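# Sequence first, predicted coordinates after that:
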Amino acid sequence: MAASNTPPASGSGDGHGDMTPEEREAFKKRADELGKRLEAAKNQGSSAPKPGAVASDTAANNDALGKAMRISTELIGGVVVGCGLGWLIDRALGTWPAFFIVCFLLGSAAGMINVVRAGTAMKTGASNPKAGPSVRDDDDET
Amino acid sequence: MSASHDKQLGLMSSLAAIAGAQALYGVSPAWAEGAAHSPIHQFEINNLIPLKLFGFDASFTNASLYMVLALSLISFFLISAMRQGALVPGRMQSLAELTYKFVHDTVRENVGEEGMHFFPFVFALFIFVLVLNVLGMIPIPGVTFTVTSQIVVTAALALLVILIVIGYGLYVHGLGFFKLFVPSGVPAWLLPLLIPIEVISFISRPISLSVRLFANMLAGHIALKIFAGFVGTLLAAGVWAILSPLPMALTVALTALEVLVAVLQAYVFAVLTCIYLSDAVHGAH
């Protein structure tokens, strides 16, 4: 039973241990190959799109939709926070509407930055296993 | 081939059943009276067991009921699926393992190997939001409630995420964590302008995280209810009843979209949690 999955081309395979040299060679090759594949699988986690290209295709589609949903609120978030912050500062200091205006502009800028960052992170990141923060990866790549 | 066709047929009919129940909810005179007909009635919070703790209203509401339901469903599913721990998984175990692996890969891709100890947190968040979203899609007249359509809940989850990011970032990088707000490679005279922008950008994270989930669930359920309500209104309008299949078809389509959104939003929530955690783990470069 133990040798039953070696190719039955040469001889009996009645026990373990007595393989012909070429069988041994083939076995070693196969074992090496398996080891290599295991290693590869270990290294890249499991993002290998092997089983069923269709499944990974729909997954990519869903991923794209998720990204679209993500970007849509990034801009609003920045503006809302900017306005809120400005309003709070103004209310505390009684300087309405100075800080509101300044913070509104800053918030809009922050919203734009959010969108740009989300976009660039999507373009470069994700497939990168060591994906760092979505920002400032210009100096750690050489 | 026929098997996949059967599957599609089954999917379509179950969607139609859900949409039908929504429409029925709109038609049925018992629910049509007064506020129950309104599309936002479904978001009302009812006290099931009134309770006061230290002067706070800590009543057991229908939201609490759905959260308890979700937690027990998740626990039951995971525990019963993994009880056997077979080498060759059965259906339930396979489902549980796929969910586990999916989140596992998401965390590894977005946070990296050093952030894997956040996996339980992200998994819990993901499956909690997912089950709550999906439970909200199961129509039970007068009972159905979507917990994630309450901004209190999503904001609490987002705050939890961002507090963990700040706490862990400070724990690992010390005050160097705040270098996150100082963009590198920028001339010094621009910093007074850029640092406030970075701070606002950071504060906007929990807000966009919570608003995204809440707004998607709220808007979707309102749209669903409005279109389902059209069916009832048309049916009751004499000759116009001929037109009633139109909004019915739209309700079916919207139900499909909403199921997709329910799953997708849970995924987006988990992915963004991972991306923010990655900032805490890796810090500023």
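Arrived safely, thanks for sending.
# can you give me the helices in chain A?
For chain A, the helices defined by DSSP state H cover A:21-43, A:53-93, A:98-124.
# Next: chain B.
B:2-27, B:29-32, B:62-82, B:91-110, B:119-135, B:151-173, B:191-235, B:245-282.
# Let me have those in a markdown table, extended by mean neighbour count.
Where C-beta positions appear, they are placed from N, C-alpha and C, glycine not excepted. Below are these laid out as a markdown table (neighbours: other CB atoms under 10 Å in any protein chain shown):
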| stretch | mean neighbour count |
| --- | --- |
| helix B:2-27 | 15 |
| helix B:29-32 | 12 |
| helix B:62-82 | 15 |
| helix B:91-110 | 17 |
| helix B:119-135 | 20 |
| helix B:151-173 | 17 |
| helix B:191-235 | 21 |
| helix B:245-282 | 21 |
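# And these: which comes nearest chain A?
Distance to chain A, taken as CB to the nearest CB, is lowest for helix B:191-235 among the helices of chain B, at 3.2 Å.
# Now do the closest one: distance to the chain's middle.
Put simply, helix B:191-235 sits 12 Å off its chain's centre (CA atoms, centre = their mean, to the nearest Å).
# Tell me which other helices or strands that helix touches.
Helices and strands touching helix B:191-235, as assessed by 3 or more CB pairs under 8 Å, 6 or more residues apart in numbering or on different chains; DSSP states H and E, comprise helix A:53-93, helix A:98-124, helix B:2-27, helix B:151-173, helix B:245-282.
# relative orientation of the first one and helix B:191-235 in degrees?
Using axes from the mean of the first three to the mean of the last three CA atoms, to 10 degrees, one finds that helix A:53-93 and helix B:191-235 are set 110 degrees apart in direction.
# what's the angle between helix A:53-93 and helix A:98-124?
Using the same axes, to 10 degrees: helix A:53-93 against helix A:98-124 is 170 degrees.
# With the shortest one instead?
Between helix B:151-173 and helix A:98-124, the angle formed by their directions is 70 degrees, by the same axes, to 10 degrees.
# Let me see the mean pLDDT of helix B:151-173.
Helix B:151-173 comes out with an average pLDDT of 94.
# which residues are in contact with it?
B:63, B:121, B:125, B:129, B:147-148, B:177, B:179-180, B:205-207, B:209-211, B:213-214, B:269, B:273, B:276-277, B:279-281, B:283-284 (CB atoms under 8 Å, 6 or more residues apart in numbering or on different chains).
# Using CSV, list the CA coordinates for that helix.
Extracted in CSV, the C-alpha atoms of helix B:151-173 (Å, rounded to 0.1, in the frame of the first residue of the first chain):
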residue,chain,number,x,y,z
ILE,B,151,-25.1,55.7,14.0
VAL,B,152,-24.7,55.2,17.8
VAL,B,153,-23.7,51.6,17.1
THR,B,154,-21.4,52.2,14.1
ALA,B,155,-19.8,55.3,15.8
ALA,B,156,-19.1,53.2,18.9
LEU,B,157,-17.4,50.5,16.8
ALA,B,158,-15.4,53.1,14.9
LEU,B,159,-14.4,54.9,18.1
LEU,B,160,-13.2,51.5,19.5
VAL,B,161,-11.1,51.0,16.4
ILE,B,162,-9.5,54.4,16.4
LEU,B,163,-8.9,54.3,20.2
ILE,B,164,-7.1,51.0,19.7
VAL,B,165,-5.1,52.5,16.9
ILE,B,166,-4.1,55.5,19.0
GLY,B,167,-3.5,53.3,22.1
TYR,B,168,-1.4,50.7,20.4
GLY,B,169,0.5,53.3,18.3
LEU,B,170,1.5,55.1,21.5
TYR,B,171,2.4,51.9,23.2
VAL,B,172,4.6,50.7,20.3
HIS,B,173,6.1,53.9,19.0
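# pull the helix or strand with minimum mean pLDDT from chain B.
helix B:29-32 (a mean of 44; mean pLDDT, DSSP states H and E).
# What separation do you get for the residue of chain A found nearest chain B and residue B:113?
For chain A and chain B, the shortest gap (CB to the nearest CB) falls at residue A:77, measuring 3.2 Å. Distance from residue A:77 to residue B:113, counting by CB to CB, to the nearest Å: 30 Å.
# Those two: which has the busier surroundings?
More crowded of residue A:77 and residue B:113, by other CB atoms under 10 Å in any protein chain shown: residue A:77, with 26 against 11.
# show me the contacts for the residue lying closest to the more buried one once chain neighbours are set aside.
Nearest residue to residue A:77, sequence neighbours excluded (CB to CB, 6 or more residues apart in numbering or on different chains): residue B:208, at 3.2 Å. Residue B:208 sits next to A:73, A:74, A:76, A:77, A:114 when contact means CB under 8 Å, 6+ apart.
# and residue B:208, how far is that from residue B:262?
From residue B:208 to residue B:262 the distance is 19 Å (CB to CB).
# Can you name the residues that contact the spatially closest residue to residue B:100 that is not a sequence neighbour?
The shortest distance from residue B:100 to any non-neighbouring residue, by CB to CB, 6+ apart, is to residue B:123 (7.1 Å). For residue B:123, the contacting residues are B:100, B:103, B:104, by CB under 8 Å, 6+ apart.
# okay, those in JSON lines with pLDDT next?
Below are these laid out as JSON lines (pLDDT from 0 to 100):
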{"residue": "B:100", "pLDDT": "93"}
{"residue": "B:103", "pLDDT": "94"}
{"residue": "B:104", "pLDDT": "94"}
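# Can I get these in JSON lines including distance to residue B:188?
As requested, these are arranged in JSON lines below (distance: CB to CB, whole Å):
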{"residue": "B:100", "distance to residue B:188": "48"}
{"residue": "B:103", "distance to residue B:188": "42"}
{"residue": "B:104", "distance to residue B:188": "43"}
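# Contacts only, for residue B:247.
Taking CB under 8 Å, 6+ apart, one finds B:227, B:228, B:230, B:231, B:234 in contact with residue B:247.
# switch the cut-off to 6 Å
B:227, B:230, B:231 (CB atoms under 6 Å, 6 or more residues apart in numbering or on different chains).
# How about residue A:107?
For residue A:107, the contact set (CB under 6 Å, 6+ apart) comprises A:78, A:79, A:81, A:82, B:200.
# distance of it from residue B:93?
Applying CB to CB to residue A:107 and residue B:93 gives a distance of 48 Å.
# Give me the residue ranges of the chain where confidence is low.
If you meant another chain, say so; for now it's chain A. Across chain A, the ranges flagged by pLDDT under 70 are A:1-18, A:43-62, A:125-142.
# nope, chain B
Looking at chain B by pLDDT under 70, you get B:1-4, B:21-37, B:284-285.
# Contact residues of chain B facing chain A?
Contact residues, chain B versus chain A (CB under 6 Å from any CB of the partner chain): B:105, B:108, B:110, B:112, B:184, B:196-197, B:200-201, B:203-204, B:207-208, B:211-212, B:264, B:267-268, B:275, B:278-279, B:282, B:285.
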